[in-house]
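Colleague: how would this look folded up:
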Amino acid sequence: MPVQRYASVIRLRGELEAEYRALHAAAWPEVLATLKRANIGNYSIFLRDGLLFSYLEYTGEDYAADTALIAECPVTRDWWARTDPCQQPLDSVGDGEWWAPAEEVFHLE
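Modeller: So this is what the prediction gives:
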């Protein structure tokens, strides 16, 4: 399968930046293992001017099914219970979205 690239954006609540950084500095092993089992790799989150930018590469065959498996993991749901309060969705997100998908406009292989 060819690599599929996904990027998304969300605001970071400034008053919770230290907590968000600390959580990711010691990311939970089961959360990381679940991401890998869901065919997600080369995953990064960047911060600039209060915006978090996420980039990941997906190598599976069914992104929706694999991300649903992530959401079913109780440890991941506990992780989100800690990280989600640190985030604030953009005004432009669609119904049911948390992180706003970003459109790829350029790629150099």
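
Colleague: At which residues are the helices of this structure located?
Modeller: Assigned by DSSP state H, the helices in the chain fall at 17-25, 29-37, 63-72, 74-83.

Colleague: Bridged to V9, which residues?
Modeller: F53, A100 (DSSP bridges).

Colleague: How about the contacts made by it?
Modeller: Listed by CB atoms under 8 Å, 6 or more residues apart in numbering, the contact set of V9 reads 51-54, 90, 99-100, 102. Yep, even glycine has a C-beta here, placed from its N, CA and C like the rest.

Colleague: Scan the residues you listed and report the most crowded one.
Modeller: L52 (20 neighbours; other CB atoms under 10 Å).

Colleague: And the residue most central in space within the chain, how close does it get to A33?
Modeller: The centroid of the chain falls nearest to S54 when counting by CA atoms, centre = their mean (5.7 Å). Distance, S54 to A33, using CB to CB, to the nearest Å: 19 Å.

Colleague: same check, this time on R5
Modeller: For R5, the distance to A33 - CB to CB - is 22 Å.

Colleague: and what of R13?
Modeller: Counting by CB to CB - R13 and A33 are separated by 28 Å.

Colleague: now swap in A102 and tell me
Modeller: 26 Å.

Colleague: cool, V105 as well?
Modeller: For V105 relative to A33 (CB to CB), the value is 33 Å.

Colleague: Also Y6?
Modeller: 19 Å.

Colleague: And those two? Which one has more around it.
Modeller: Y6 (17 against 13).

Colleague: give the contact list for the more buried one.
Modeller: Y6 touches 54-58, 63, 101, counting by CB under 8 Å, 6+ apart.

Colleague: Mind doing that once more with 10 Å?
Modeller: 40, 43, 54-58, 63, 67, 99, 101-102, 104 (CB atoms under 10 Å, 6 or more residues apart in numbering).

Colleague: Test my guess that the residue nearest to the centre of the chain contacts L35.
Modeller: No: if you go by CB atoms under 10 Å, S54 and L35 don't touch, sitting 11.7 Å apart.
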